[in-house]
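Asker: coords below, sequence missing:
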């Protein structure tokens, strides 16, 4: 229902244009994104299968890794199919409610991933600083409580952002979103009404989740490094440090990309829009595709099982 030349009342359908400024070549950009998605789904599915069927990997570290892999698959699947539909088949239309659902799922899975990384850091902290208490602290019941808590925190903190859009924003100056997926601020900025509350709540969620998690992850690793460097034997120090390398790599790639994308959007007004969109896409798609590679290469137990499976398959083929 159009009430003026520039305002639309609660549009039923929105249009995602993909990458503004690169529409003529975004069908080529979709190829590396598709490859990243295939790596994310295949690699994380392999990790899930290995952890599921190898009883020796039924430990807190690997259970958290399995939760991280499942989250990565879900996050990539929320974004890539629709994005490739825009890039390759010009399927740019999306219903308003489907857009809100995609936005909620994306931000929820981001929050879950951050929470899982925090849980993994705490697991390493207890395992290295208080090894005799590790089995007691991270019991099966505690693992379930952590998993449920991480999921509920993400869901409940992101639901109000959907309600604020649905209940407060009624008029929209356009139905065209200059993005390749339904991102919170990209959608909010279409509204005619005052969007300060929406912006403030979005920042509150970002700092509540990412800020809280980063502080405690950093604190955990500071304490871990202090404990490791106090170990008398060099071999013991190297062994303790090696158990943390994969998680540190995953932690850095997730949060560095997150902050780089965040600050580029907030303070990079002179940067072309397509750079903003590409950074947002990489922030969401790169970690899911890199995580299984990092853990497959850096985690000895997983690497050994992969080698064993490949060797057994080669023997069977011969």
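Answerer: Thanks, I have it. Here the structure is a predicted model, which is why all the values come from computation and not from measurement.

Asker: Now do the contacts for residue 72.
Answerer: By Cβ atoms under 8 Å, 6 or more residues apart in numbering, the residues touching residue 72 are 40, 44, 113, 287-288, 291-292. All C-beta spots, glycine's among them, are computed from the backbone N, C-alpha and C.

Asker: Equivalent analysis for residue 245, please.
Answerer: Contact analysis of residue 245 by Cβ under 8 Å, 6+ apart lists residue 298.

Asker: Which secondary structure element is home to it?
Answerer: helix 234-267 (DSSP states H and E).

Asker: now residue 222
Answerer: helix 212-229.

Asker: other SSEs contacting that helix?
Answerer: The helices and strands touching helix 212-229, judged by 3 or more Cβ pairs under 8 Å, 6 or more residues apart in numbering; DSSP states H and E, are helix 96-129, helix 234-267.

Asker: which residues touch it?
Answerer: Helix 212-229 has contacts (Cβ under 8 Å, 6+ apart) with 114-115, 117-118, 121-122, 124-125, 128-129, 237, 240-241, 244, 248, 251, 255.

Asker: Got a quick PyMOL command for the buried subset of those residues?
Answerer: Selection of buried members from the contacts of helix 212-229 for PyMOL, criterion 16 or more other Cβ atoms under 10 Å:
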select buried, resi 114+115+117+118+121+122+124+125+128+129+240+241+244+248+251+255
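
Asker: what about residue 112, neighbour count?
Answerer: Residue 112 has 25 neighbours, counted by other Cβ atoms under 10 Å.

Asker: List the contacts of it.
Answerer: Shown in contact with residue 112 (Cβ under 8 Å, 6+ apart): 67, 71, 150-151, 154.

Asker: and it, how far is that from residue 153?
Answerer: Separation of residue 112 from residue 153 (Cβ to Cβ, to the nearest Å) stands at 8 Å.

Asker: cool, residue 146 as well?
Answerer: 11 Å.

Asker: who's more crowded, the two?
Answerer: Taking neighbours as other Cβ under 10 Å, residue 146 and residue 153 compare with residue 146 leading, 21 against 18.

Asker: Now do the strands in the stretch 1-150 of the chain.
Answerer: For the stretch 1-150 of the chain, applying DSSP state E, counting those that start in this stretch gives strands covering 8-9, 13-16, 93-95.

Asker: Looking at the ones you listed, which one is packed in the most?
Answerer: By mean neighbour count, with neighbours taken as mean count of other Cβ atoms under 10 Å, strand 13-16 ranks first of the strands of the stretch 1-150 of the chain at a mean of 18.

Asker: follow-up on the earlier one: what about the contacts of residue 72, which one has the most neighbours?
Answerer: Neighbour counts for the contacts of residue 72 (other Cβ under 10 Å) peak at residue 288, which has 29 neighbours.

Asker: Just list what whatever helix or strand that residue lives in packs against, helices and strands only.
Answerer: Of the helices and strands defined by DSSP H and E, residue 288 is found in helix 273-298. For helix 273-298, the packing partners by 3+ Cβ pairs under 8 Å, 6+ apart come out as helix 26-53, helix 60-89, helix 96-129, helix 234-267, helix 300-317.

Asker: for these, which one sits closest to residue 275?
Answerer: Comparison of the helices and strands packed on helix 273-298 against residue 275 by Cβ to Cβ identifies helix 234-267 as nearest, at 7.2 Å.

Asker: Next, the buried residues of that closest one.
Answerer: With burial defined by 16+ other Cβ under 10 Å, the residues of helix 234-267 counted as buried are 240-241, 243-244, 246-251, 253-255, 257-258, 261-262, 264-265.

Asker: residues touching the residue nearest to residue 74 when sequence neighbours are not counted, list them.
Answerer: Leaving aside its chain neighbours, residue 74 sits nearest to residue 109 (5.5 Å; criterion: Cβ to Cβ, 6 or more residues apart in numbering). Residues in contact with residue 109 (Cβ under 8 Å, 6+ apart) are 71, 74-75, 78, 154.

Asker: Brilliant, that's me finished.
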